[in-house]
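In: generate coordinates for the sequence data below:
(one chain, ligands or ions: 1)
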Amino acid sequence: MVKFKSRPSTPNGKPAKRPRMAYMEDSDEERTPVKAGKKNLESPKKRMKSAAPVSGKQHAIQEQRKLLPIAQGRDALIHEIRENDVTVLIGETGSGKTTQIPQYLLESGLAGKGMIAVTQPRRVAATSLANRVAEEKNTEVGKLVGYSVRFDETSSEATRIKYVTDGMLVRELLSDPILSRYSVIIVDEAHERTLRTDILMANLKAIQQKRNKPTDRKGKGPAAALSPLKIVIMSATLDAEKFSSFYNKAKILYVKGRQHPVTIYHTATSQADYVDSALRTFFQIHTDRPPGDVLIFLPGQEDIEGLSSSIQLYANRLPQATPGVLLCPLYAALPPGQQTKIFSPTPKGMRKCILATNIAETSITIPGVKYVIDTGKCKEKRYIARSVGSGFDTLLTRDITKSSAMQRAGRAGREGPGFCFRLYTEDAFKNMPLSAEPEIRRCTLTASLLQLKCLGQDLEELEFMDKPDEENILSALAALYILGALDDKKALTKNGRDMAFLPLEPYLARVVLAARELGCVREILDIVSVLSSNSKLFFDSADQRDAALEARTKFRHSSGDHFTILNVVRSFDEIAKTETNAGKKDWCHKTYLNFRCLTEAVAIRTQLKEVCERMKIDWTASCGDNEQPVLRSLVRGLVQNAAFLQPDGSYKQVMGPSIVKIHPGSVLCDKKIPAIIYDELVYTTNIYARGVSAVPRSFIAEVPVLNHRKA
Ligand SMILES: Nc1ncnc2c1ncn2[C@@H]1O[C@H](COP(=O)(O)OP(=O)(O)OP(=O)(O)O)[C@@H](O)[C@H]1O
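Out: Model (predicted):
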């Protein structure tokens, strides 16, 4: 039994009280409360009248919209946004920011002939919000309301409100550097400070300066024809002052109140095992509490799969009269089709239990969710620079921030009163930092630098909210130079431009371009698709390693793990010709292969083939049984991850200081090979190279950058 403190509190840590339906913050010099009532706008009644005839469901939706806290301040919000080029808007989770503001701006005519873009850090949020707002507008998604996420654009000429991932809008800068199709850009969930959000915000500032120049509006200057751009920055948990000062003291607006209360419980003591506590809390809810779906936040896929099996095991043992449990995992590596399953209605007599990473933390409303269990953990990517050209990204489990805790609690209570069970103490919550360090300060910058170079920009020159680390910039510059994306004057090369066009990590994009020259794109796409998947192909936990290696003997290739991957993909393709999904899963299970990884890789490969066609790369080009072109191509992208054998059997990095060993899960683990390349380093008791291939030393020496260094 997990013990929770009896006195519940509200999401921001204050004692619980009756939900306040007072909508706007009291007047205060720093804060601009938004009050209702500007004469130039349609009244809510009139707006309702002008809509098409509505069904019962539509009527309910429209009634619900009117009850959202933000609805009371609609006219005042429009007024403020009309008056200010940049607005920072803070409103509690569920107050209606993301779904309503774009509609208000469209209805008010403020967007003119342009589109309204609403950015989201994640695709699941962008697509589900577009669906919801299309429904509110009584239309199909893709018409008035659309979305654009990587590899999926659902919009048309008629689209006026578009939900987009921040990455897609950054990509759009490549073809339209002033984002001329948009008249309003709403940066939602800005508190997350993803690398792409920061790049976007820096660009928006510069674009606005161009588009909103007073001289241009008077009809003078070269940019006279440009329409002005409005920027709205939104979040429930934001350091408003910091954003405001970045945009030259932008107006800050506060929308207060949420439609339904969320009661928060903290554990009485800290919990040693968060997965076990989540399991027990789930069954406490399931057996004691009224109907309502449960959303559990966990750090990663492994915990999700582990907890999911445990819940299933115990649920099967419950008395027949207890409602059944429908388990729905949600994490980034899950194919998009499976991610959207969480939105399907819960069958009668069942309780849905969604086990999610922080991809469900912001923006989304999952109908039916009444209870949230927050383990207080997440995974954070962090770049560790060791020396120029030899840094690496780590993904570590850590405690969440206050912002995350509040966002997680905010996923309950969206359709009615909700409850959040925090598996940490109230003191732990109070001691959490408000928000995480921005990604720009802690992640690899290589891919972003390449994109910026394509826009004619530089990391050092662009005005960011937080400057990236000098060493990290140097590392990214060195990596791009080594890959041949930049020349020795730091200028973008033709290869660099092509690399940016491929939706892959720069080093993998370089492998594909090398394969184009060497005539082995077919083989390389098979390998690269697996390497780009969000999950690992081989299950290699230490306790099952021998059995797994035994079962996979038939795929083993003497030159290493990349050709072994190729063998697996070819076998999977063969199996897929005759087997159903269940048959494919069974085959993967028996061979200790990750079905999800292979399914995702097949989808990625299809998309890559399409991109290759657009780039006039012949993806059917194959080198047959000749291994050399494939290894040469891999070396070209992975040259930074090359290492030579030492007399003591370890390997010394060619471009870095580390001494590494071959990972025990590799097919080359007990071999002594003069030269290797690898996909990544894993830090445990030793530094291990994972995803290893044996390559002739001469292949490494022939990479132009190494020749250049020698000269
Ligand atoms: N798909 C949906 N199904 C049912 N109701 C929904 C859906 N999406 C939104 N809503 C309703 O609209 C409300 C406002 O949602 P919205 O996303 O606009 O709030 P928000 O202020 O942006 O919240 P957050 O800060 O959490 O993103 C929700 O609390 C919910 O009541």
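
In: and residue 419, what helix or strand is that in?
Out: Under the criterion of DSSP states H and E, residue 419 resides in strand 418-422.

In: what mean pLDDT would you report for that strand?
Out: Taken as a whole, strand 418-422 has a mean pLDDT of 97.

In: name the residues that touch that strand?
Out: In this structure, residues lying in contact with strand 418-422 by C-beta atoms under 8 Å, 6 or more residues apart in numbering are 2, 4, 11, 260-267, 281, 285, 289, 369-374, 376, 405, 408-409, 412-413, 429. Bear in mind the C-beta positions are built from the backbone N, C-alpha and C, glycine included.

In: now, those that are in strands?
Out: 262, 263, 264, 265, 266, 369, 370, 371, 372, 373, 374 (DSSP state E).

In: coming back round to it: which of the contacts of strand 418-422 are buried?
Out: Among the contacts of strand 418-422, those classed as buried by 16 or more other C-beta atoms under 10 Å are 2, 4, 11, 261-267, 281, 285, 369-374, 376, 405, 408-409, 412-413, 429.

In: buried residues of stretch 195-203, list them for me.
Out: Neighbour-count burial for stretch 195-203, counted by 16+ other C-beta under 10 Å, picks out 195, 196, 197, 198, 199, 200, 201, 202, 203.

In: the ligand next: which of the contacts of strand 418-422 are close?
Out: With the criterion set as C-beta under 6 Å from any ligand atom, no member of the contacts of strand 418-422 is near the ligand.

In: which stretches of the protein have low pLDDT?
Out: Low-confidence segments of the chain (pLDDT under 70): 6-54, 151, 214-226, 383-394, 540-542, 706-711.

In: flag every residue of it that's near the ligand.
Out: Within the chain, the positions adjacent to the ligand are 68, 91, 93-100, 132, 236, 259, 362-363, 365, 367, 410, 414-415 by C-beta under 6 Å from any ligand atom.

In: buried ones among the residues you listed?
Out: For those, a neighbour count by 16+ other C-beta under 10 Å gives the buried set as 68, 91, 93-100, 132, 236, 259, 362-363, 365, 410, 414-415.

In: these in helices, which ones?
Out: Taking DSSP state H, the ones among those that sit in helices are 97, 98, 99, 100, 132.

In: so what's the last one up against?
Out: When contacts are counted by C-beta under 8 Å, 6+ apart, residue 132 is found next to 99, 365.

In: how close does it get to residue 1?
Out: Residue 132 sits 38 Å away from residue 1 when distances are taken as C-beta to C-beta, to the nearest Å.

In: also residue 547?
Out: For residue 547, the distance to residue 1 (C-beta to C-beta) stands at 37 Å.

In: ok, now residue 560?
Out: From residue 560 over to residue 1 (counting by C-beta to C-beta), the distance is 51 Å.

In: between the two, which one's more packed in?
Out: Per other C-beta atoms under 10 Å, whichever of residue 560 and residue 1 has more neighbours is residue 560, with 25 against 7.

In: do I have it right that the more buried one meets residue 689?
Out: No: applying C-beta atoms under 8 Å, one finds residue 560 not in contact with residue 689, separated by 10.6 Å.

In: list residues touching both of these two?
Out: By the contact definition C-beta under 8 Å, 6+ apart, residue 560 and residue 689 are jointly contacted by 666, 676.

In: which parts of the strand or helix carrying residue 338 are buried?
Out: Element membership of residue 338, judged by DSSP H and E, is helix 336-339. Residues of helix 336-339 classed as buried by neighbour count (16+ other C-beta under 10 Å): residue 339.

In: which strands or helices does the biggest helix by length in the chain pack on?
Out: Using DSSP H to define each element, the chain has its longest helix at helix 595-614. Judged by 3 or more C-beta pairs under 8 Å, 6 or more residues apart in numbering; DSSP states H and E, the packing partners of helix 595-614 are helix 521-532, helix 561-578, helix 581-590.

In: can you add distance to residue 181 and mean neighbour count and give those back as CSV?
Out: Output for the helices and strands packed on helix 595-614, formatted as CSV (distance: least, C-beta to C-beta, whole Å; neighbours: other C-beta atoms under 10 Å):
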stretch, distance to residue 181, mean neighbour count
helix 521-532, 29, 24
helix 561-578, 39, 18
helix 581-590, 40, 14
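
In: between these, which one is closest to residue 346.
Out: Checking the helices and strands packed on helix 595-614 against residue 346 by C-beta to C-beta gives helix 581-590 as the closest, at 23.2 Å.

In: any chance you could list what contacts the closest one?
Out: Against helix 581-590 from outside (C-beta under 8 Å, 6+ apart): 551, 572, 575, 576, 579, 593, 594, 595, 598.

In: burial of residue 494, as a residue count?
Out: Residue 494: 10 surrounding residues under other C-beta under 10 Å.

In: typed the wrong thing, it's residue 59
Out: For residue 59, the neighbour count with other C-beta under 10 Å is 11.

In: that one in helix, strand or coil?
Out: Assigned state for residue 59: helix (three-state reduction, DSSP: H, G, I helix; E, B strand; the rest coil).

In: give me the distance between it and the ligand.
Out: From residue 59 across to the ligand, the span is 15 Å (C-beta to the nearest ligand atom, to the nearest Å).

In: likewise residue 530?
Out: 34 Å.

In: repeat that for residue 257.
Out: According to C-beta to the nearest ligand atom, residue 257 stands 10 Å off from the ligand.

In: now do the same contact list for the nearest residue to that residue once chain neighbours are set aside.
Out: Nearest residue to residue 257, sequence neighbours excluded (C-beta to C-beta, 6 or more residues apart in numbering): residue 69, at 3.9 Å. Applying C-beta under 8 Å, 6+ apart, we find residue 69 in contact with 21, 23, 91, 92, 95, 96, 255, 256, 257, 258, 259.

In: residue 183 and residue 111 touch, don't they?
Out: Yes: applying C-beta under 8 Å as the test, residue 183 and residue 111 come out as touching, 4.8 Å apart.

In: centroid-nearest residue for the chain?
Out: residue 122 (4.4 Å; C-alpha atoms, centre = their mean).

In: list the contacts for that residue?
Out: Residues near residue 122 by C-beta under 8 Å, 6+ apart: 165, 332, 359, 362, 363.

In: phi, psi for the closest residue to residue 669 other than its chain neighbours please.
Out: Closest residue in space to residue 669, ignoring its immediate chain neighbours: residue 662 at 5.1 Å, by C-beta to C-beta, 6+ apart. Residue 662 has phi and psi values of phi -80, psi 130 when expressed as degrees, to the nearest 10.

In: domains in the protein, by residue range?
Out: Taking automatic domain parsing as the domain assignment, the ranges for the chain are 39-255, 260-440, 444-501, 502-701.

In: what is the burial count for the closest residue to the ligand within the stretch 501-650 of the chain?
Out: The nearest approach of the stretch 501-650 of the chain to the ligand comes at residue 534, 23.9 Å away (C-beta to the nearest ligand atom). Close neighbours of residue 534, defined as other C-beta under 10 Å, add up to 14.
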